[in-house]
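Enquirer: for reference, the sequence and a predicted model appear below.
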2 protein chains.
Amino acid sequence: MMNKQLKFIKRPEGLPDASTWTIETQPIPDIASGEFLVQQHYVSLDPAMRGWMNDSKSYIDPIAIGDVMRAGSIGKIIKSNHSDFQVGETVTGWGGVQQYAVGSEKNWFKVDTSLAPMPMYLGALGMPGMTAYFGILKVGKIKEGDVVLVSAAAGAVGSIVGQIAKLKGCYVVGIAGGKEKCDYLKNQLGFDATIDYKSENVFDAVKETCPKGIDVYFDNVGGDILDAALSRLRMHARIVICGAISQYNNLDETKGPRNYMSILVNRATMQGMVVMDYMPEYREAAKVMGQWLMQGKIKSKEDIYEGIENFHETFLRLFSGNKKGKLVLKIID
Amino acid sequence: MMNKQLKFIKRPEGLPDASTWTIETQPIPDIASGEFLVQQHYVSLDPAMRGWMNDSKSYIDPIAIGDVMRAGSIGKIIKSNHSDFQVGETVTGWGGVQQYAVGSEKNWFKVDTSLAPMPMYLGALGMPGMTAYFGILKVGKIKEGDVVLVSAAAGAVGSIVGQIAKLKGCYVVGIAGGKEKCDYLKNQLGFDATIDYKSENVFDAVKETCPKGIDVYFDNVGGDILDAALSRLRMHARIVICGAISQYNNLDETKGPRNYMSILVNRATMQGMVVMDYMPEYREAAKVMGQWLMQGKIKSKEDIYEGIENFHETFLRLFSGNKKGKLVLKIID
């Protein structure tokens, strides 16, 4: 039994190509006192990964060349030197893209797979769900009747953002790429309106779908879509900056929001959020989210691919948009 | 006795030229019941005027073609049909660029010229002073020890922002154009450091003067200087968007802040402010500001020109930077 690992071996410029990573097979590591060994079933694929690959100051250290690719993960304990973590229990943490990871109590949490399947703990009940929850409630500060616009609305974060906003009595408009995704948002998730950025002029469509303007814009994409949202702010609007996937692989300079003066005119607030800041509140939020999922008030959708060897092509789906919901890779053989 | 008025007759593109305005001479208007007639001594020249001249949705209606040019002003009551406003009293309000204006209790306030000279009521004790006060305290939320960076630091707003921040125990760095202005900030106003954007690389200079990064950036200019500030934010930094003078006459598209992702990385907040929102609190703020001025804790500097005929060339000083402190035009003959 060996440990297949995906090693990060070259910093990409623009969209990563296959030479960014390599697969290595190593012996399964030993565990020290207080540690446990996790056989990893699934790893999470998230847009934020692209940022971690750049050698620049950010909210987290860059991944070092030669390291196992950083990723959230979930699996089962198969060996333990920690009395609170038993063999057979399911845990989620930062195991990276490898089949076996050494865990400790510091960054790993036990989860109950009788309540939700493993992949959901990487989605609605994991980092994307927490991002949506704290982002729209604590930073977006939504209240009943607000007009809420969400980009990447069919994605892992956006789909939860929109559903929480609906639950709170907001009018919710989602921006996504393609008719299929837009239909899904409207028919399955209850969004009030959608904008297909691949076939519509987003500026015009924002005006049409939000005739009274926007109270909260939750941004996952940046670029022209952020500008379109800024052009239609209501007084005291809040813009949650959660990501900018349109810019992550940009080889030119990042495109700044040229309509930012709308922030002055409308006394708006643009605020950045990083989910890790809310870690002390995860447990409480996950409880609420779990109830919403069980009651069917929020739907979670995972798009699951298989095989650590297929990491690269699966990763590219984050940027092509060729995925449905939360992107997860099954890596257990 | 006639009323010389500066009429706004053509919307400019880019920097306004002389054909934007014309001088007309009209009879002095009658006053109705409850009104009073103000002989105006000084009008205020502010960067915001440029925005009012565009035919676009903003925080205030655009100036209509043919109207008297909008401006804050100060003068003496020479005729009154209002029992609370007596002939001989000094009042400040929105009289526009004309020698006589009809006032009412709605938008005019009495001021005491035994405490401060008239021009100061258009500067530190007027709109620029209130902008600085509420902007740095309520939006910037400065606290002792904060590193505060201010652009257009020798201007009417920026010079007060920096002095208030010093009073509150902050480390204050001012950006201004030219050695003379920078020397003034350091030697007269007590700024800790300055950046001369005309002779220094602002990105490098921000790094040098704020080695630990910036807690609060008060922006009056936009453009590259905003980007330089964004590149050096500290965690939970606040960016006060008060103006963007570098962009007001821009015939191309506004330059958006390409470093805006620093807002995410540093969980920062960028917020727009318009001073009129704080009108209910002006009186209290003016009292505090008046005390600071009397105690010499804050210095006010007005740059006074003369003659309504010289409005246009005086106005251009706002954008060339060829002025020292608050720009005021004396229009009484």
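Expert: Now that the structure is in, tell me what you want to look at. Residues are numbered from 1 along each chain as shown, chains lettered A, B, ... in the order given.

Enquirer: note down every partner strand of the helix or strand containing A:V91 and its orientation.
Expert: Using DSSP states H and E, A:V91 sits in strand A:90-93. The strands beside strand A:90-93 in its sheet (DSSP bridges) come out as strand A:73-80 (antiparallel), strand A:109-111 (antiparallel).

Enquirer: the last one: what's the following helix or strand?
Expert: Following the chain from strand A:109-111 toward its C-terminal end, the next helix or strand by DSSP H and E is helix A:127-134.

Enquirer: kindly export that following helix (C-alpha atoms) in CSV.
Expert: The C-alpha coordinates for helix A:127-134 follow below in CSV (Å, rounded to 0.1, in the frame of the first residue of the first chain):
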residue,chain,number,x,y,z
MET,A,127,-15.6,25.8,3.1
PRO,A,128,-17.8,26.9,0.2
GLY,A,129,-20.9,26.7,2.4
MET,A,130,-19.2,28.6,5.2
THR,A,131,-18.0,31.2,2.7
ALA,A,132,-21.6,31.7,1.4
TYR,A,133,-23.0,31.8,4.9
PHE,A,134,-20.7,34.3,6.5
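
Enquirer: report all helices and strands that that helix contacts.
Expert: Helix A:127-134 sits against helix A:158-167, helix A:282-294, with contacts defined as 3 or more Cβ pairs under 8 Å, 6 or more residues apart in numbering or on different chains; DSSP states H and E. Bear in mind the C-beta positions are built from the backbone N, C-alpha and C, glycine included.

Enquirer: how far away from the center of its chain is it?
Expert: 8 Å (Cα atoms, centre = their mean, to the nearest Å).

Enquirer: what angle sits between it and helix A:158-167?
Expert: 30 degrees (axes from the mean of the first three to the mean of the last three Cα atoms, to 10 degrees).

Enquirer: what comes into contact with the next helix or strand after helix A:127-134?
Expert: Remark: after helix A:127-134, the chain's next helix or strand is strand A:147-150, criterion DSSP H and E. Residues outside strand A:147-150 that contact it (Cβ atoms under 8 Å, 6 or more residues apart in numbering or on different chains) are A:136, A:140, A:142, A:158, A:161-162, A:165, A:170-175, A:206, A:210, A:212-218, A:220, A:229, A:234.

Enquirer: hmm, which of those are the buried ones?
Expert: Neighbour counting with 16 or more other Cβ atoms under 10 Å in any protein chain shown marks A:136, A:140, A:142, A:158, A:161-162, A:165, A:170-175, A:206, A:210, A:213-218, A:220, A:229, A:234 as buried within the contacts of strand A:147-150.

Enquirer: run a quick neighbour tally on the residue lying closest to A:H312 once chain neighbours are set aside.
Expert: Distances taken as Cβ to Cβ, 6 or more residues apart in numbering or on different chains place A:A18 nearest to A:H312, at 5.1 Å, with adjacent residues excluded. A:A18: 10 surrounding residues under other Cβ atoms under 10 Å in any protein chain shown.

Enquirer: pLDDT score assigned to A:A18?
Expert: Turning to A:A18, the model gives it a pLDDT of 96.

Enquirer: kindly list the main-chain dihedrals of it?
Expert: Note on A:A18: backbone dihedrals following degrees, to the nearest 10 are phi -60, psi -20.

Enquirer: pull out the buried residues from the strand holding A:V91.
Expert: In strand A:90-93, the ones that count as buried by 16+ other Cβ under 10 Å are A:T90, A:V91, A:T92, A:G93.

Enquirer: check stretch A:128-141 too.
Expert: In stretch A:128-141, counting by 16+ other Cβ under 10 Å, buried: A:128-140.

Enquirer: what mean pLDDT would you report for it?
Expert: 97.

Enquirer: and the end-to-end length of it?
Expert: End-to-end distance for stretch A:128-141: 18 Å, by Cα to Cα, to the nearest Å.

Enquirer: what sits up against that stretch?
Expert: A:44, A:46, A:122-123, A:142, A:148, A:155-158, A:160-161, A:164-165, A:168, A:216, A:218, A:238, A:240, A:242, A:271, A:273, A:275, A:277-278, A:281-282, A:285-286, A:288-289, A:300, A:326.

Enquirer: and these, which of them are buried?
Expert: The neighbour-count test (16+ other Cβ under 10 Å) applied to those identifies A:44, A:46, A:122-123, A:142, A:148, A:155-158, A:160-161, A:164-165, A:168, A:216, A:218, A:238, A:240, A:242, A:271, A:273, A:275, A:278, A:282, A:285-286, A:289, A:300, A:326 as buried.

Enquirer: check the secondary structure at the one residue in the stretch 201-333 of chain A that gets nearest to chain B for me.
Expert: With Cβ to the nearest Cβ as the measure, A:G256 is the residue of the stretch 201-333 of chain A nearest to chain B, at 3.1 Å. Of the three states, A:G256 takes coil according to DSSP: H, G, I helix; E, B strand; the rest coil.
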